[in-house]
Every structure is written in C-alpha cells, then in structure tokens.
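Participant: Next input, structure requested:
(one chain, ligands or ions: 1)
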Amino acid sequence: MTALEDAFRAISADALNMVKDGQVIGLGSGRAAAVLVRELASRARSERMNITGVPTSLQIRLVAEECGISLRDPGDTDKIDIVFDGADQVDRQGNLIKGGGGALLTESILIGMADKVVIIADESKFAEHLDAPVPVEVHPAARRSAAESVMRLGGKPVLRLLDRGFPLFTENRNLVLDCSFGTITDPSTLRDKLTDIPGVAEAGIITRRPDTTYRAKTDGGFDAI
Ligand SMILES: O=C(CO)[C@H](O)[C@H](O)COP(=O)(O)O
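Facilitator: Numbers count the residues shown, from 1 in each chain. Below you'll find the model as predicted:
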C-alpha cells in the first residue's frame, strides 16, 4: 500500500465519524471514494449500522456491491445525508473541478441533494485558482456546436478519447469535452455559461463549498479544511 493510500484510509476513518445509523450516503467516484467506500462497509459491519449507499457511477457501484453495502439508485433518492467524493482540483475558496472519471453529472446531482459534502483529494490537486481542464458532458449531437461555443468562451475543447482513439461515452451515452481555460478567476460565471450551451448536460465545475475538505499528503498524513 502506498503512503497516499494510507492517507486515504486515515481520512476515511476520520470522515466516517460523521456517519450515523440509518443514514443515506452518497458514494462519489474515483480512487479516494473507493477507499472510503471499503472503510464505510467495514465500519457499518463492525458497528452494526444500517446504511444505504447511493452510487455516482458504475465504478463505485461495483466497489460497493463487492463490499455488501445496500444501494439505492440516484433517481429513487431526493435527499442524501452526506456525500463523500474526490475531486480533480480544489481552489482556495473550495470550488472544485470534477469529472476526471466521467461521472460528473451524477456527482453534481448528488452534491446538490446532500445535506453535507465531504471532499477527499491528494495534495497535488490543491491550487490558488482552478486552472485544470474542465470536463464538459455533451450530447453527441452537440459535439461540434458545443465545442464551437466553448471556443467562443475562450476555451480549448478536446474530445476525451480512450485507448486507440475510441471516444469515451459516459453512463448517460454522452461525450466529454475537456476544456482548458487557463486560470479560472470566476468559476461560478464560467459554470453558468457552460451549462447554458445547448446540448451540455453538465460542466465539471462545482461551486458549492464543501462542508469538509480533506487533503491527503504523500507522507501518509492528512489535514482538513
Ligand atoms: O470526479 C471524479 C470522477 O468523475 C473523481 O472524483 C475525481 O476524478 C477524483 O478521482 P481520484 O480520487 O481517483 O483522483
């Protein structure tokens, strides 16, 4: 196990102190979320807590199923007690870039319905301002028109491809444009402009400030903001 995985496990142990019996828990996607989900399952078992997980992707659903967490579909849920998720970048104000795994639409929906948002990211993801490419989920019929609109906003869109040049399709059968804007000084306005583009299902900028943000350190330690 790497020091970073140690840090994710230590963070999970701390973060799971927030979870109470009977709660509905949003399960984010990615590596940090996968560590937390495994810890959640073992905590729920050892403390005999009855927890319902709501997965943000098939990736995390598979992890949760393997651990025996009982699950509910996002579409059957209107309220989540706590969502635990990762992030691709975190700025000083707590704005996030998400969608590195292509699960941005459901992640954003769960963050929107959660009472509490907890983010776990390694220290390389923290920056003064957001400047990483913004994943933008687009309907295939808007592949070109949405890319043109992104360019008019000053962005450089790149269609996300898998190995051998095959395009990535999200679980919603959409495409992802990874859009570079340089330094993003006004994430909220950029998010609004991107989500206004016809055919855009979601933009991977989250402006809801997390209740807790954990920073995993490469020496195995962590801190919380
Ligand atoms: O937004 C996401 C998936 O769409 C992930 O939360 C994000 O990519 C971070 O993943 P990891 O913990 O593997 O670095």
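Participant: what about the strands in this protein?
Facilitator: Ranges of strands in the chain, per DSSP state E, are 24-27, 52-55, 70-71, 80-85, 89-90, 96-97, 114-122, 134-138, 156-159, 175-180, 200-203, 205-206, 212-216, 222-224.
Participant: Name the residues of stretch 150-164 that are buried.
Facilitator: 150, 155, 157, 160 (16 or more other CB atoms under 10 Å). (Each C-beta comes from the backbone N, C-alpha and C, glycine too.)
Participant: ok, and which of those residues reach the ligand?
Facilitator: Among these, no residue lies close to the ligand (CB under 6 Å from any ligand atom).
Participant: what's the closest of the residues you listed to Leu27?
Facilitator: Arg160 (22.8 Å; CB to CB).
Participant: Can you tell me which of the strands of the chain is nearest to Ser188?
Facilitator: Judging the strands of the chain by CB to CB, what sits closest to Ser188 is strand 205-206, at 7.9 Å.
Participant: List the neighbouring strands of the closest one plus their orientation.
Facilitator: Its sheet considered, strand 205-206 pairs with strand 96-97 (antiparallel) by DSSP bridges.
Participant: Just to check, Asp81 is in contact with Leu110?
Facilitator: No. Using CB atoms under 8 Å, Asp81 makes no contact with Leu110, being 11.3 Å away.
Participant: measure the residue located most distally from the centre of the chain to the ligand for me?
Facilitator: Note on the chain: the largest C-alpha distance from the chain mean falls to Arg48, namely 27.9 Å (CA atoms, centre = their mean). Using CB to the nearest ligand atom, to the nearest Å, we find Arg48 at a distance of 29 Å from the ligand.
Participant: circling back: looking at the buried residues of stretch 150-164, which is nearest Ala103?
Facilitator: Once CB to CB is applied, the member of the buried residues of stretch 150-164 that ends up nearest Ala103 is Arg160, at 12.6 Å.
Participant: And for the closest one, nearest residue in space, chain neighbours not counted?
Facilitator: Val176 (4.1 Å; CB to CB, 6 or more residues apart in numbering).
Participant: which residues does the one you found bridge with?
Facilitator: Glu137.
Participant: count of neighbours near it?
Facilitator: Close neighbours of Val176, defined as other CB atoms under 10 Å, add up to 26.
Participant: Same check on the one 4 residues further on?
Facilitator: Burial of Ser180, expressed as a neighbour count using other CB under 10 Å, amounts to 15.
Participant: ok, it - contacts?
Facilitator: 133-134, 155-156, 158 (CB atoms under 8 Å, 6 or more residues apart in numbering).
Participant: repeat for Val176
Facilitator: Contact analysis of Val176 by CB under 8 Å, 6+ apart lists 99, 102, 135-138, 159-160, 168, 170.
Participant: 7 Å instead, please
Facilitator: By CB atoms under 7 Å, 6 or more residues apart in numbering, Val176 lies in contact with 99, 102, 135-137, 160, 168, 170.
Participant: Using PyMOL, make a named selection holding only the buried ones among the residues you listed.
Facilitator: One line in PyMOL is enough to select the buried members of those, burial here meaning 16+ other CB under 10 Å:
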select buried, resi 99+102+135+136+137+160+170
